[in-house]
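Visitor: coords below, sequence missing:
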């Protein structure tokens, strides 16, 4: 993995762990649902950001080099790999 | 565009037009919200299916040939293109 | 149905039908995928807006009156009804 | 908060914290993107499940009692509260 992107992803994941603990505290203390829903939405957004960073890294390493080596089957594999990220 | 995939996309879009008209009729007749919500969800799924078919076609034509011609900038363009499809 | 909200919903649905036809034309003419993906995303947003309007109307008519009549079972029914709208 | 639902939510959140740490480990070890994307998707689903449990609890406590006390303004507040959960 590219080290810059990798550390960007790790920073986001550490932040996400903190967000999940924040929700745990809010639930523990019976805080307002409004705040908890907004926090859950923030975690959805963070997941999306991590997904996009990983996808970008995966494209630039794996996809590019495999196509340059003449392997076209990677395109179908990549489409399969991406499926969990696509909005339904 | 690959003609097989293109006609698969067109069939789905015609179906989606019918689904939207189905919702219009249900609203017109004040039908149960439950049924309307399920129908709206079906349109979300149909949009996702069209998005995946288009993405697959775009990868196999544009992305593949541009990389094979030595143009690596297409990778960033493709990531930008795909953004509206990514789950948030 | 409240007639104001009903006509707001109908206007949005007519607009959505136009958006679906717009995508059909773009696919027919082999237009840029970027534009088509943005249009698909706009239809997702329109679906969400229709869902919220319907939900609001449903809450203000059905949910409110049923609870005021002493029927608490409507709460579970409503949660079931809303499920297709919840982000996954 | 209802204690049964509260502990169901807490169990899910603890599990989610473990899932986030699982992704951190996979990224640290440069594991396959496919596995990481599936894990991100699992966290999206867990978030959705927590949101639905909280919503259910909020409806059965806050919404119900406020309407029974004659406060109809809670309906609009509830719709606002739920917005971050609605699919876009």
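Guide: Received it, and whenever you're ready, just let me know what you need. Since the structure is predicted, the reported quantities are computational estimates derived from the model, not experimental observations.

Visitor: Helix or strand: which one has the nearest residue to residue A:28 once chain neighbours are set aside?
Guide: Distance criterion C-beta to C-beta, 6 or more residues apart in numbering or on different chains; nearest residue to residue A:28, sequence neighbours excluded, is residue D:10 at 7.5 Å. Backbone N, C-alpha and C define where each C-beta goes, glycine included. Element membership of residue D:10, judged by DSSP states H and E, is helix D:3-28.

Visitor: and if you look at residue A:88?
Guide: Here residue A:88 is assigned to no helix or strand, by DSSP H and E.

Visitor: With chain D as the reference, measure out to the nearest residue to it once chain neighbours are set aside.
Guide: Nearest-residue entry for residue A:88: residue B:48, 4.7 Å, with adjacent residues in sequence omitted and distances by C-beta to C-beta, 6+ apart. The gap separating residue B:48 from chain D is 11 Å, by C-beta to the nearest C-beta, to the nearest Å.

Visitor: sorry, back to before: any idea how far the residue nearest to residue A:28 lies from residue D:85?
Guide: 19 Å (C-beta to C-beta, to the nearest Å).

Visitor: More neighbours: the two, which one.
Guide: residue D:85 (20 against 15; other C-beta atoms under 10 Å in any protein chain shown).

Visitor: in terms of contact, does the more buried one touch residue A:39 like I think?
Guide: No: judged on C-beta atoms under 8 Å, residue D:85 makes no contact with residue A:39 at a distance of 11.8 Å.

Visitor: burial measure for residue A:67, as a count.
Guide: 21.

Visitor: Tell me the helices and strands packed up against the host helix or strand of it.
Guide: Using DSSP H and E, residue A:67 sits in helix A:64-68. When contacts are defined as 3 or more C-beta pairs under 8 Å, 6 or more residues apart in numbering or on different chains; DSSP states H and E, helix A:64-68 packs onto helix A:73-82, helix B:64-68.

Visitor: Distance to residue D:57 and mean pLDDT added to those helices, as a markdown table?
Guide: Output for the helices and strands packed on helix A:64-68, formatted as a markdown table (distance: least, C-beta to C-beta, whole Å; pLDDT from 0 to 100):
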| stretch | distance to residue D:57 | mean pLDDT |
| --- | --- | --- |
| helix A:73-82 | 35 | 92 |
| helix B:64-68 | 50 | 93 |
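
Visitor: which stretch among these comes nearest residue D:18?
Guide: Taking C-beta to C-beta, helix A:73-82 is the member of the helices and strands packed on helix A:64-68 nearest to residue D:18, at 23.4 Å.

Visitor: Does chain B have contacts with that closest one?
Guide: Yes: using C-beta under 8 Å from any C-beta of the partner chain, we find that helix A:73-82 touches chain B at A:75, A:78-79, A:82.

Visitor: Just the closest of those residues to residue B:62, please.
Guide: residue A:75 (11.0 Å).

Visitor: Quick one: residues contacting the closest one.
Guide: A:63, A:67, B:59-60, B:63-64 (C-beta atoms under 8 Å, 6 or more residues apart in numbering or on different chains).
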